[in-house]
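>>> compute the structure for the input listed below.
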Amino acid sequence: MPGHSKFINYQELKIQETSDQLKQGSIPKSINVYLKGANVKQASPGDIILIQGILLPSKKFSFRDQYSLLFDGHIEALKILR
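Residues are numbered from 1 along each chain as shown. Purely as a prediction, here's the structure:
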């Protein structure tokens with residue numbers, strides 16, 4: 001129902017460690033960042049940014065092991081600085 005809906009800007013980023021932060025031969029770690037509102041389009045691929053936000057865990061559900069204690073995490077960004 002478009003007349004009764006409220007649309008907001010939304011973007012998902014995947015950030016990872018830079019090569020100077022890694023030991024030689026190791027694989028960079030990455031995490032998803034969710035942006036809303038004014039924070040959308042603040043970063044482009046290849047930018048080095050500073051993110052202030054909230055780290056939120058989300059439980060991994062699998063069909064085999066419903067009682068697993070595995071968690072993923074993502075960041076809900078509050079502010080992005082270049």
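>>> for A38, helix, strand, or coil?
In terms of secondary structure, A38 is helix; the call rests on DSSP: H, G, I helix; E, B strand; the rest coil.
>>> state the distance from the residue nearest to the spatial centre of the chain to I54.
The centroid of the chain falls nearest to V33 when counting by CA atoms, centre = their mean (1.6 Å). When CB to CB, to the nearest Å is the yardstick, V33 and I54 sit 11 Å from each other. Any C-beta I mention is one placed from the backbone N, CA and C, and that applies to glycine too.
>>> which neighbours do those two share?
Between them, V33 and I54 share the neighbouring residues I75, with contact defined by CB atoms under 8 Å, 6 or more residues apart in numbering.
>>> this structure: helices as residue ranges?
Along the chain, no stretch is classed among the helices by DSSP state H.
>>> so, low pLDDT: which residues of the protein?
Residue ranges of the chain with pLDDT under 70: none are present.
>>> what about the nearest residue to N9 once chain neighbours are set aside, neighbour count?
Among residues not flanking N9 along the chain, V40 sits closest, at 4.1 Å (CB to CB, 6 or more residues apart in numbering). For V40, the number of neighbouring residues by other CB atoms under 10 Å comes to 15.
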